[in-house]
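# Attaching a predicted model along with its sequence, questions to come.
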Amino acid sequence: MKILSSSQIKQCDSVTIGKGISSIDLMERAAKACSDWIEINFKINKGFSIFCGNGNNGGDGFAIARMLYEKGFDIDVFIDENNFKFSDDSKINLDRIKKISGIGIKGFSEFENNRESVIIDALFGYGLNRELSDDFNDLIEKLNEIHTSKISIDIPTGLFADRIIDEHSTVFKADFTLTFQFYKRSFLHPETGRFCGKIIVLNIDLDEDFINGTKTDYFVIDETLIKNIYKPRKEFSHKGTYGKSILVGGSYGKIGAVLMSTLSALRTGSGLTFTIAPKCGNTVLQSQIPEAMFIDSGENHINKIEIQEKAVYGIGPGLGKEKETRKALLEFLENYTGPIVLDADAINILAETQRLNLIPENSVITPHPLEFERLFGKTENSFEKIELAKQKAEELQIFIILKDHHTAVVTPGKKVFYNITGNSGMAKGGSGDVLTGILTSLISQRYEIEEACIFGVWLHGKAGDLAAEEFSKEAMLPTDLINKIGDVFKYLS
Ligand SMILES: NC(=O)C1=CN([C@@H]2O[C@H](COP(=O)(O)OP(=O)(O)OC[C@H]3O[C@@H](n4cnc5c(N)ncnc54)[C@H](O)[C@@H]3O)[C@@H](O)[C@H]2O)[C@@H](O)CC1
Ligand SMILES: [K+]
């Protein structure tokens, strides 16, 4: 799914309006999508306090008020008593509710939290273009202190669609954000996304030709995209059809890391799977994963990485940074040109030796925020981090998978794909090792690298979501996630 900027969304709204639907009817469609969703999901709540601004976001609020009232809910609407200048469509919808005697319309200052009503924020949407005034800040701070369910329409008021906010900004803190047609970038970054609660994207049939023809660097990985990428296994095939994955890692005390990568590669469908690890890992690897072949290298840490033909390497899990291991990695990179997945200590070694130029083109690196910083330096915030990642991905012609709550795949063509599967139960040592195995396996099965990255992060998160469902976020382990990979493939096929 494309992510458009606020000015592109505005244009998209205008183009849609230019092609036959009036703006007031488009607002009606948007409000209907919201009120239908609210009716289904807030059945047991009787009352709603709806805070409306003066622009079209407020207009949505007035129309939602009318529709929820018609569905039998108690409604109070609150408006800015110091500003009676409304946008045209907002004014029409305000006039419509003025005719309904059962809907109370009051000033913001008249709001008293004297009943258990759900609060709906229709103050500002994508039209916000400057910091909020003190009056709005005070109102939002007051609303944020109230313990009741809160819903934002389109965007939590105080957030901009596609940029960072000052860290002291006041923002409405929603439990649900009902947003129209597109994710907004700010929903996907940690500094701003924390205000959105659960995000519900409501389709309001904006003009498809405009959306298809609009250029953007930013995308959300959705199931439509995944279903286009996923290649079901062919019946007439053999193990050679599904490639050769070689997982390289492990050191004394950290054999589990490469074990999990290897197992993940197998569970993702790799045809032939090898592990290069030090001898101390032989017994555990061979007994835990009889399907994988073991190639030893060193006693307690890797001292050589053998080059094999037609293989895809995933290097780094549990690797350690011993002098001999560093040398082995650099030597390997000097002599190998195929795509590689580099993670964990492989990334740290490259950062410390500043040998990033050795990474073959079209390789994948999977840094978490701290590893990214070691590689490319500090940034002020996560929006800047994405921009720096785009620049580096292009410069080095590699794919950067920036691991975070919403992991982002950054391509050498400077496209950014945000992942929305996954959960905080995956914030545990070992999850990254699983991702390395999945990615290596998908690339070895001849998925295009970009597709492998997109599919890999989605699959990893989805398996994590299934593991959390069964075991809880607290108790789930990366090995539980590996055991759920099969269920994700079943879900897809
Ligand atoms: N026909 C359309 O264009 C549709 C618009 N929709 C709604 O309309 C919203 C966008 O509406 P608008 O463009 O009217 O904008 P908003 O309602 O978000 O903001 C209203 C106006 O307030 C002003 N403003 C910006 N920052 C301010 C600040 N800090 N303090 C005070 N005033 C400020 C701006 O002039 C802005 O246009 C969307 O988020 C969505 O909710 C939906 O109804 C779908 C269709
Ligand atoms: K809003």
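Structure's in. What do you need? Numbers count the residues shown, from 1 in each chain. Ligands and ions are numbered 1, 2, ... in the order given.

# Tell me the buried residues in stretch 72-81?
Phe73, Asp74, Ile75, Asp76, Val77, Phe78, Ile79, Asp80 (16 or more other C-beta atoms under 10 Å). Bear in mind the C-beta positions are built from the backbone N, C-alpha and C, glycine included.

# ok, and the closest non-adjacent residue to Arg98?
Just to correct that, residue 98 is Lys rather than Arg. Spatial nearest neighbour of Lys98, excluding adjacent residues (C-beta to C-beta, 6 or more residues apart in numbering): Ile105 at 6.7 Å.

# Oh, that last question was meant for Glu291, not what I typed.
Leu266 (5.5 Å).

# Let me know how buried that neighbour is, in neighbour terms.
Around Leu266 there are 21 other residues, counting by other C-beta atoms under 10 Å.

# what's the helix or strand for the closest residue to ligand 1 within the stretch 351-493 of the chain?
Nearest residue of the stretch 351-493 of the chain to ligand 1, counting by C-beta to the nearest ligand atom: Phe383, 19.5 Å away. Phe383 belongs to helix 382-396 when assigned by DSSP states H and E.

# What residues does Ile97 make contact with?
Ile97 makes contacts with Phe62, Ala65, Arg66, Tyr69, Val77, Ile103, Ile105, as judged by C-beta atoms under 8 Å, 6 or more residues apart in numbering.

# Just give me the closest of these to ligand 1.
Phe62 (10.5 Å).

# secondary structure class for Leu178?
Following DSSP: H, G, I helix; E, B strand; the rest coil, the label given to Leu178 is strand.

# Check which helix or strand Lys106 maps to.
With DSSP H and E as the test, Lys106 turns up in strand 104-107.

# returning to what we had before: can you tell me which residues contact the residue of the stretch 351-493 of the chain closest to ligand 1?
Arg163, Ile164, Arg185, His189.

# okay, now the domains of this structure?
6-214, 227-492 (automatic domain parsing).

# In a markdown table, list the contacts of Ile97 along with distance to ligand 1, pLDDT and secondary structure.
Listed next are these as a markdown table, based on distance: C-beta to the nearest ligand atom, whole Å; pLDDT from 0 to 100; DSSP: H, G, I helix; E, B strand; the rest coil:
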| residue | distance to ligand 1 | pLDDT | secondary structure |
| --- | --- | --- | --- |
| Phe62 | 11 | 98 | helix |
| Ala65 | 14 | 98 | helix |
| Arg66 | 14 | 98 | helix |
| Tyr69 | 18 | 97 | helix |
| Val77 | 15 | 97 | strand |
| Ile103 | 19 | 96 | coil |
| Ile105 | 18 | 96 | strand |
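
# Ligand 2 contacts on the stretch 151-300 of the chain?
Ser152, Ile153, Thr157 (C-beta under 5 Å from the ion).

# For ligand 2, what is the nearest residue in the stretch 1-150 of the chain?
Among residues of the stretch 1-150 of the chain, the one nearest ligand 2 by C-beta to the ion turns out to be Asp121. It sits 4.6 Å away.

# quick revisit: from the buried residues of stretch 72-81, which land in helices?
Counting by DSSP state H, the buried residues of stretch 72-81 place none of their members in helices.

# where are the low-confidence patches of this protein?
Scanning the chain with the threshold set as pLDDT under 70 gives 114-115.

# now with 80?
45-46, 114-115, 236-241 (pLDDT under 80).

# Give me the three-state assignment for Ile92.
Ile92 falls in the helix class when you classify it by three-state DSSP.

# re earlier: most tightly packed of the domains of the chain?
Ranked by mean neighbour count, the domains of the chain are led by domain 227-492 with a mean of 20 (mean count of other C-beta atoms under 10 Å).

# And that one, how far out from the chain middle?
18 Å (C-alpha atoms, centre = their mean, to the nearest Å).

# Going forward, the N-terminal residue is numbered 14.
Yep, numbering from 14; the last one is domain 240-505 now.

# Any figure for the gap between the closest residue to Pro291 other than its chain neighbours and ligand 1?
Spatial nearest neighbour of Pro291, chain neighbours left out: Gly311 (4.5 Å); criterion: C-beta to C-beta, 6+ apart. Going from Gly311 to ligand 1 by C-beta to the nearest ligand atom, to the nearest Å gives 59 Å.

# Can you verify Gly311 is assigned to a helix?
No. Assigned with three-state DSSP, Gly311 falls outside any helix and is coil.

# Got the phi and psi for the residue lying closest to Thr281 once chain neighbours are set aside?
Excluding the flanking residues, the one nearest Thr281 by C-beta to C-beta, 6+ apart is Ser454, at 3.9 Å. Torsion angles at Ser454 (phi, psi; degrees, to the nearest 10) stand at phi -60, psi -50.

# Not counting sequence-adjacent ones, nearest residue to Lys15?
Thr229 is the one closest to Lys15 (C-beta to C-beta, 6+ apart), at 5.2 Å.

# contacting residues around the one you found?
Lys15, Ile16, Leu17, Ser18, Gln21.

# Could you identify which of the residues you listed has the most neighbours?
Among the contacts of Thr229, Leu17 has the most neighbours (other C-beta under 10 Å), with 25 neighbours.

# From Ile372, how far out is the closest residue to that residue other than its chain neighbours?
Spatial nearest neighbour of Leu17, chain neighbours left out: Phe195 (5.4 Å); criterion: C-beta to C-beta, 6+ apart. Look at Phe195 and Ile372: by C-beta to C-beta, to the nearest Å, they are 34 Å apart.

# For the protein, give the helix that spans the most residues.
Every helix in the chain considered (DSSP H), the longest is helix 462-484.

# Could you export that helix as CSV, CA atoms only?
The C-alpha trace of helix 462-484 is given here as CSV (Å, rounded to 0.1, in the frame of the first residue of the first chain):
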residue,chain,number,x,y,z
ILE,A,462,16.2,-9.5,-3.2
GLU,A,463,13.7,-6.7,-2.7
GLU,A,464,10.9,-9.2,-2.6
ALA,A,465,12.8,-11.5,-0.2
CYS,A,466,13.3,-8.6,2.2
ILE,A,467,9.7,-7.5,2.1
PHE,A,468,8.3,-11.0,2.4
GLY,A,469,10.9,-11.9,5.1
VAL,A,470,10.1,-9.1,7.5
TRP,A,471,6.4,-9.6,7.1
LEU,A,472,6.7,-13.4,7.6
HIS,A,473,8.9,-12.9,10.6
GLY,A,474,6.4,-10.5,12.2
LYS,A,475,3.4,-12.6,11.3
ALA,A,476,4.9,-15.7,12.8
GLY,A,477,5.6,-13.6,15.9
ASP,A,478,2.0,-12.5,16.1
LEU,A,479,0.8,-16.1,16.0
ALA,A,480,3.4,-17.1,18.7
ALA,A,481,2.1,-14.2,20.9
GLU,A,482,-1.5,-15.3,20.4
GLU,A,483,-0.6,-18.8,21.7
PHE,A,484,2.0,-18.1,24.4
